[in-house]
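Student: Please find the sequence and the predicted model below.
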Amino acid sequence: MNIHEYQAKSLLKKFGAPVSDGRVVLSADEAAEKAAELGGPLWVVKAQIHAGGRGKGHFKEPEAGEKGGVRLAKSVEEAAEEARRMLGHTLVTKQTGPAGKVVNRVYIEDGSGIERELYLAALVDRQTSRIAFVCSTEGGMDIEDVAAKTPEKILTFSIDPASGYSPFHGRRVAFALGLEGAQIKQCVKLVETLYRMFLESDMSMLEINPLIVTDKGDLKCLDAKIGFDDNALYRHPDIAEMRDETEEDPKELEASKYDLNYIALDGEIGCMVNGAGLAMATMDIIKL
């Protein structure tokens, strides 16, 4: 199960990770009020959909404007207007496909002065059966290009569950990211926080992109994408309540009601199998 950025930020804040103050907007009528609750002088207005690449995306409807799904505003009024433009309109990104996704909620948060954009993620490494951390000095919207063209700029290592997290794991990330001074101590604390979050919440993926160094020299999680293990949601009713069914494929949603692991794909051929490995093999045979 995936959640929205604003939900991920609330979870990060709960565990003590550094994030900006923000407000979620569900209707155009409350946009100005929510924006006014923040300090300014810069606001960031973000469309909330379960897809990456929002900043480089575009809206299908002309009235939404030509900007992407992440916009800067220099006044409460401008922030409210950008939120109104996004709500109810369809945002298309690389990850949504040409159909796009309708924006039903918008997140308005305080702007941040950015010195550097970094990348930090935790995920389940199925090859080692461990939690792995992935980090890079090349954070931001082009991380996929970095992985494809310059993979040497991405460091990956796993944490042995028998010994658990140690401060040297955080220092390893800090040195890989080129951090210095007080930033190293902040990084050690942040990596420990993310590791604890991952375990205690039964996550399958936690991506901070970008992790920024602010103009004051501090670390901050500027964006966050989190996925949870569906099989463990019964242990986390508070997380299960975050599920946004409007973001899910209707067929996958219907199948989940009967505990079926259905994955919607393009085309007219479907497979009914009883294991992930067999499913992959069947797909390969059909393609061949």
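Tutor: Noted; the coordinates are in hand.
Student: Would you list the strands that the host helix or strand of I108 pairs with, along with their directions?
Tutor: Taking DSSP states H and E as the criterion, the element that holds I108 is strand 106-110. Strand 106-110 has its sheet partners listed here by DSSP bridges as strand 22-25 (antiparallel), strand 43-47 (antiparallel).
Student: Any idea which of these gets closest to E109?
Tutor: strand 22-25 (3.1 Å; Cβ to Cβ). From N, CA and C alone the C-beta is placed, and that goes for glycine too.
Student: just to revisit the earlier point, so what does the next helix or strand along the chain from the strand holding I108 touch, helix or strand wise?
Tutor: Going down the chain from strand 106-110, the next helix or strand is strand 114-125, by DSSP H and E. The contact analysis (3 or more Cβ pairs under 8 Å, 6 or more residues apart in numbering; DSSP states H and E) places strand 114-125 against strand 130-136, helix 182-200, strand 203-214.
Student: which residues touch the longest one?
Tutor: Contact with helix 182-200 is made by 11-12, 15-18, 120, 122, 131, 133, 159, 165, 167, 169-171, 173-175, 177, 179, 203, 206, 208, 211, 213, 217-219, 221, as judged by Cβ atoms under 8 Å, 6 or more residues apart in numbering.
Student: and the residue nearest to the spatial centre of the chain, what is it in contact with?
Tutor: Centroid check for the chain by Cα atoms, centre = their mean gives K225 as the closest residue, at 1.5 Å. Shown in contact with K225 (Cβ under 8 Å, 6+ apart): 2, 5, 8, 52, 205-207, 209.
Student: if I look at P41, how far off is G65?
Tutor: 22 Å (Cβ to Cβ, to the nearest Å).
Student: okay, these two: which has more neighbours?
Tutor: Legend: neighbour count by other Cβ atoms under 10 Å for P41 and G65, higher for G65 (15 against 9).
Student: ok, that one - contacts?
Tutor: Residues in contact with G65 (Cβ under 8 Å, 6+ apart) are 59, 82, 85.
Student: The same query, at a cut-off of 6 Å, please.
Tutor: Listed by Cβ atoms under 6 Å, 6 or more residues apart in numbering, the contact partners of G65 are R85.
Student: Make residue 1 into 52 and carry on from there
Tutor: Renumbered: residue one is now 52, and that last one reads G116.
Student: for this protein, what spans make up the strands?
Tutor: Along the chain, counting by DSSP state E, strands occupy 73-76, 94-98, 109-110, 121-124, 141-143, 152-153, 157-161, 165-176, 181-187, 205-210, 254-265, 270-272, 276-279.
Student: and among these, the most buried is which?
Tutor: Burial of the strands of the chain is given as mean neighbour count (mean count of other Cβ atoms under 10 Å); strand 94-98 ranks first at a mean of 26.
Student: Centre of the chain to it, how far?
Tutor: Distance of strand 94-98 from its chain centroid, counting by Cα atoms, centre = their mean, to the nearest Å, is 15 Å.
Student: what comes into contact with that strand?
Tutor: 86, 105, 120-122, 124, 130, 133-134, 137, 142, 154, 158-160, 162.
Student: try it again with 8 Å
Tutor: Contact with strand 94-98 is made by 56, 71, 86, 105, 108, 120-127, 129-130, 133-134, 137, 142, 154, 157-163, as judged by Cβ under 8 Å, 6+ apart.
Student: Tell me the buried residues in stretch 147-154?
Tutor: Residues 147, 151-152, 154 are the ones in stretch 147-154 that count as buried (16 or more other Cβ atoms under 10 Å).
Student: Just checking the distance from it to the centre of its chain.
Tutor: With Cα atoms, centre = their mean, you get 17 Å for stretch 147-154.
Student: With just CA atoms, put it into CSV.
Tutor: C-alpha atoms of stretch 147-154 as CSV (Å, rounded to 0.1, in the frame of the first residue of the first chain):
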residue,chain,number,x,y,z
THR,A,147,1.0,7.7,-14.5
GLY,A,148,1.0,6.9,-18.2
PRO,A,149,-1.0,9.0,-20.8
ALA,A,150,-4.2,8.6,-18.8
GLY,A,151,-2.9,10.6,-15.9
LYS,A,152,-4.4,10.9,-12.4
VAL,A,153,-7.0,13.3,-11.1
VAL,A,154,-5.7,15.5,-8.3
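Student: Can you name the residues in contact with that stretch?
Tutor: Outside stretch 147-154, the residues that touch it by Cβ under 8 Å, 6+ apart are 98-102, 108, 111, 120, 137-144, 297-298.
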